[in-house]
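[1] Here's a sequence, model it:
(chains A and B)
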Amino acid sequence: MDEKRIEYNLERLKKEIPVNYELKKSLRNKYIKSKKINWFKRIVFASAAAAAVACLALASYLVTPENVIQRANAASLKIANHVSFVDIGGGSALGVSEYKGKVYIPVAGKGLFYYDKKGFHKVSSQEVNYARVSPDGKKIAVSAEGTISIINPDNGTTQELLKGGKGDIYYEEPSWSPDGKSIIYARKTMTIQEPHGLTEKSEVYSIDLKNRQQKKICEGTHPSYVKGTGFVVFERDQKIIYRNLKDNTEKVMDNGRFPSVSPDGGYVVYVKTEQTSKEVAPQAKVTTNADNVWIADASDFKTKKRVTSNYPNQFIDINRWVKSLKKSTVPQVLALNGRYSYYEPVWGSDSESIYVLKNLNEEGNGGMRLVRVDFTLKKQSPEDTVKRFLQALVVRDDDYAKSIMKNPPAMLTVSNPHNVGYRIIGRGKEGEREYVDAEVDSEYTANPYFGLTVDRFYLSPAENGYIIDEVKELSSINVGDMQGSGEVYLTKGGKKQLLFNDADIPASCSAKGKHRLASMTYNQNTNTLVFAVQILQDKKQEASVKLVSYNLNTKEFKLIDHITMIGKDVNIGIENLIIDAKGERIAADLFSDNDKSYRSYCFVYDLKQIKKIMIDSMFEKSIIEATHTKYWDEGKLVFSVSSLDQLMEYVFEPVSNSLSTL
Amino acid sequence: MQLDFIGLYDNYFDDVYRYIYFKIGNKWDTDDLVSEVFRKAYEKYETISTDHKSWLFSVARNTVVDFYRKKKEDYIGDDLEQYAYPICFEDDLIKRDEMNCLKKSLYALSKEEMEIVNLKYFAGMKYSEIGSALGKTEDSVKVKGHRIINKLKVMVKKCVEG
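    Prediction:
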């Protein structure tokens, strides 16, 4: 029984609660009669930032840690990569934690798992919703349902540390001291407060792991130690606060939530909600409260940098709203939230990446993804920028792609045709302008169509390196049979050429019974078209797929493979087919129509040696529910794996026959 | 956006009624309280310019608390909530099907948890509105809400499987 069923049943239950409609009618009549006519001025609700925090002793907060390491300040860090690599599906925010390549992810109702290049593995079946690996990687502090425990990642054994959840005391958000000897955490209690009802109080406590002594530090939540200083950073009333443990003085560093310190003590990452305001008509304005992830220098917050981008979540057309307003002498406000909400950012063990949960705030359509942002001191080159842009197009992360463009169009990608690959082919300068040339491939799911454009991306310098300010299409090639006529054409430079028609395909590569041309992909280097013949199910045959290559120079057809079964299932169909940059390998997504879950299997073929690999077989001891191709990144295949409602990205390197994480 | 009182009444009467009924457990007290809530709302609503629903439910919650205080005048203490949520569904809590197990499990939740279920599922409020009504952040309410659903899921499963 899953969560949706519970919610569905709660809705049904709601209908069992009787409403007194007689009362509703009689009371309403009373109000209709005595309706007031005067409209009073409305007090504008100013959604101000939090109330001022009492200023405490402002001792000098310029801390010099014991060993001053020459470290770059936060503002000078550049974003090397912004990758969304796990789709958590529906669900609430979790605390993930990374240690040396293993990302520990709690899965509601299933336990604690880790994701690494070998797959997705279970650590413990214990219910967990927040995890933090110790500095030495030997223990994991977890919390769930108000209890904090320590898990041994090697054998999955658990030891309870602080038991809560009943009597309304919750122990949450554990964080390790740099020496691994104590844990700092939030102790939350619910209290009834007159006259409103219930409020939650949270206090920061620490516990010594040896003698189990608990000590209260202050009021607040989400604490971390700042390594190399005598400070603790925590959140209170949506502000990031530093507390000096020696003299108990405090200082507010910024507005924000979820502060977390890097293991080397260099940086703090947190989420800050900021309000922007725009006047859209006289006396009418739109305000947006949007989250973003920030990093700051841990020692003194001297420099800061915003690491993500966000946009207003427009659920209503602004012009319609303006038209619907009645005349008023007082400003009227439409309050929007951000398109994304960010939660629980945390540093990786190398202090060079952060992991954060990003939720798409669409009514009924949202989704929580785990994103990793990698930092570097290296300035991003123009090629890096275009590469990141094209990767974003392929995975349809339109918001991220737009953030690297100067004047992005409203719509960047659509579902079909869609981008399936790219190759950087050159770079140069036109006068003062830098440019990068790339080939970009498009396909149309399960249809015989392949498009290749050569685009020139013009770039200008920007804060993170470069930004794309113009794209010019230099040339394009189309191959396919979009009419379904059985004739495959090649269109190049405006000229259309018939390559072959269905009758030309030799019997070995086709079928006598019903069939159609399906996915298609083309490689310019080898001038080879690889396509799938989808043999359809009818009285004489089960559905199956023939993968065929056609050399445009020699006009030769060659059968690559005829897939009639996957495991024990017959009735095979094909969804995707993509070819790598050199034309040496193809990746295909196949499925069986007899499989009720329609799970997709990803296969990689080496065209020279006619070798075939089923991607699933590369994983050890993992629960794989489906594999899907995504795109070729210069000889490496990026694909996704579904496991327990999570969607994770991996990279397959055929030359070394190995897997790695994205 | 501006909403006249009758609009407020029409939109939210059912939600307020269900919210109070689930909490109080009987029709007569609920009728009185709902009338009281809308009377107060009628007097004050023009001064409220945002998020009418959250505000209306704050009024509803206060009205219920006042009701408890009057009823239990001799009780001096802070746990008035313990008087809330007497069972209000038709009693067939012996059959072990999904719905009955859900009802049973609901009453096994803590009062605070039931409050959130009541506001979200029976009164149809969004987490942001519940946050405003309870004086908490939307995020903390959302997290609690998800926890509660998971808890119910586990309890119902155990109950159904016997």
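[2] In chain B, what residue spans correspond to helices?
    Ranges of helices within chain B are B:5-24, B:27-44, B:52-71, B:98-107, B:111-117, B:127-134, B:138-161, based on DSSP state H.
[3] Out of these, flag the one nearest chain A.
    With Cβ to the nearest Cβ as the measure, helix B:138-161 is the member of the helices of chain B nearest chain A (3.6 Å). In this view, the C-beta of every residue, glycine as well, is placed from N, C-alpha and C.
[4] Only alpha carbons, please: show the closest one as CSV.
    Listed next in CSV are the C-alpha coordinates belonging to helix B:138-161 (Å, rounded to 0.1, in the frame of the first residue of the first chain):
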residue,chain,number,x,y,z
GLU,B,138,5.6,25.5,5.3
ASP,B,139,8.6,23.2,5.1
SER,B,140,8.3,21.9,8.6
VAL,B,141,4.6,21.2,8.1
LYS,B,142,5.3,19.5,4.8
VAL,B,143,7.9,17.2,6.4
LYS,B,144,5.6,16.3,9.2
GLY,B,145,2.8,15.7,6.7
HIS,B,146,4.9,13.2,4.8
ARG,B,147,6.0,11.5,7.9
ILE,B,148,2.4,11.1,9.0
ILE,B,149,1.4,9.5,5.7
ASN,B,150,4.3,7.1,5.9
LYS,B,151,3.3,6.3,9.5
LEU,B,152,-0.3,5.7,8.4
LYS,B,153,0.9,3.5,5.6
VAL,B,154,2.8,1.3,7.9
MET,B,155,0.0,1.1,10.5
VAL,B,156,-2.7,0.3,7.9
LYS,B,157,-0.5,-2.4,6.4
LYS,B,158,0.0,-4.0,9.7
CYS,B,159,-3.7,-3.8,10.5
VAL,B,160,-4.9,-5.2,7.2
GLU,B,161,-2.4,-8.1,7.4
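[5] what's it packed up against?
    The elements that helix B:138-161 packs onto, with contact taken as 3 or more Cβ pairs under 8 Å, 6 or more residues apart in numbering or on different chains; DSSP states H and E, are helix A:3-16, helix B:98-107, helix B:111-117, helix B:127-134.
[6] Between those helices, which one is closest to A:I578.
    The closest of the helices and strands packed on helix B:138-161 to A:I578 is helix A:3-16. By Cβ to Cβ, the value is 33.8 Å.
[7] name the helices or strands packed onto the helix or strand just after the closest one?
    Using DSSP states H and E, the next helix or strand after helix A:3-16 towards the C-terminus is helix A:21-33. Counting contacts by 3+ Cβ pairs under 8 Å, 6+ apart, the secondary-structure elements packed against helix A:21-33 are helix B:5-24, helix B:27-44.
[8] just to revisit the earlier point, quick check: which of the helices and strands packed on helix B:138-161 has the most neighbours on average?
    For the helices and strands packed on helix B:138-161, the largest average neighbour count (mean count of other Cβ atoms under 10 Å in any protein chain shown) is found in helix B:127-134, namely a mean of 22.
[9] contacting residues around that one?
    A:196-199, A:337, B:51, B:53-55, B:57-58, B:61, B:115-116, B:119-120, B:125, B:136-142, B:145 (Cβ atoms under 8 Å, 6 or more residues apart in numbering or on different chains).
[10] Now tabulate the helices and strands packed on helix A:21-33 in JSON lines and tack on distance to chain A and mean pLDDT.
    Shown next, in JSON lines, are the helices and strands packed on helix A:21-33 (distance: least, Cβ to the nearest Cβ, whole Å; pLDDT from 0 to 100):
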{"stretch": "helix B:5-24", "distance to chain A": "4", "mean pLDDT": "88"}
{"stretch": "helix B:27-44", "distance to chain A": "5", "mean pLDDT": "88"}
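[11] Need the winner for burial among the ones you listed.
    Among the helices and strands packed on helix A:21-33, highest average neighbours (mean count of other Cβ under 10 Å) belong to helix B:5-24, with a mean of 21.
[12] Send me stretch A:3-11 as CSV with only the CA atoms.
    Listed next in CSV are the C-alpha coordinates belonging to stretch A:3-11 (Å, rounded to 0.1, in the frame of the first residue of the first chain):
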residue,chain,number,x,y,z
GLU,A,3,1.3,6.8,0.0
LYS,A,4,-1.1,7.7,-2.8
ARG,A,5,-3.5,5.1,-1.7
ILE,A,6,-3.5,6.4,1.8
GLU,A,7,-4.2,9.9,0.5
TYR,A,8,-6.9,8.6,-1.7
ASN,A,9,-8.5,6.9,1.2
LEU,A,10,-8.2,10.0,3.3
GLU,A,11,-10.1,11.8,0.6
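[13] Can you list the neighbours in contact with it?
    Residues contacting stretch A:3-11 (Cβ under 8 Å, 6+ apart): A:90, B:98-99, B:102, B:117, B:121-122, B:146, B:149-150, B:152-153, B:156.
[14] buried residues in stretch A:597-610?
    A:R599, A:S600, A:Y601, A:C602, A:F603, A:V604, A:Y605, A:L607 (16 or more other Cβ atoms under 10 Å in any protein chain shown).
[15] okay if I get these as CSV plus pLDDT?
    Listed next are those as CSV, based on pLDDT from 0 to 100:
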residue, pLDDT
A:R599, 83
A:S600, 87
A:Y601, 91
A:C602, 93
A:F603, 94
A:V604, 94
A:Y605, 93
A:L607, 89
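[16] before we move on, back to that, turn the helices of chain B into JSON lines, columns for distance to A:L452.
    Compiled in JSON lines, those are given as follows (distance: least, Cβ to Cβ, whole Å):
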{"stretch": "helix B:5-24", "distance to A:L452": "55"}
{"stretch": "helix B:27-44", "distance to A:L452": "64"}
{"stretch": "helix B:52-71", "distance to A:L452": "53"}
{"stretch": "helix B:98-107", "distance to A:L452": "54"}
{"stretch": "helix B:111-117", "distance to A:L452": "54"}
{"stretch": "helix B:127-134", "distance to A:L452": "47"}
{"stretch": "helix B:138-161", "distance to A:L452": "45"}
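[17] Test for you: state the pLDDT assigned to A:A108.
    At A:A108, the pLDDT value in this model is 80.
[18] ok, now A:E443?
    At A:E443, the pLDDT value in this model is 87.
[19] next one: phi and psi at it?
    Listed backbone geometry of A:E443 is phi -140, psi 170, with angles given as degrees, to the nearest 10.
[20] show me what contacts it?
    A:E443 is in contact with A:P417, A:H418, A:V420, A:Y449, A:F450, A:G451, A:S519, A:M520, A:T521, A:N576, A:L577, A:I578, counting by Cβ under 8 Å, 6+ apart.
[21] and the two most separated of those residues?
    Put simply, by Cβ to Cβ the two of the contacts of A:E443 set farthest apart are A:G451 and A:N576, 15.0 Å from each other.
[22] Give the residue from these two that has the larger number of neighbours.
    The residue with more neighbours, out of A:G451 and A:N576 and counting by other Cβ atoms under 10 Å in any protein chain shown, is A:N576; that gives 22 against 19.
[23] Could you list everything A:D441 pairs with in the sheet?
    In this entry, A:D441 is beta-bridged to A:G421, A:L452, by DSSP bridges.
[24] burial count for the single nearest residue of the stretch 251-400 of chain A relative to chain B?
    In the stretch 251-400 of chain A, the residue that lies nearest chain B is A:K326 (6.2 Å; Cβ to the nearest Cβ). Residues near A:K326, counting by other Cβ under 10 Å, number 8.
[25] Now A:G146, what are its backbone angles?
    Here the main-chain torsion angles of A:G146 (degrees, to the nearest 10) amount to phi 80, psi 0.
[26] where's it relative to A:A532, distance?
    With the distance defined as Cβ to Cβ, to the nearest Å, A:G146 ends up 53 Å from A:A532.
[27] Give me the more crowded residue out of these two.
    Counted by other Cβ under 10 Å, A:G146 and A:A532 do not tie: A:A532 has more neighbours, with 28 against 19.
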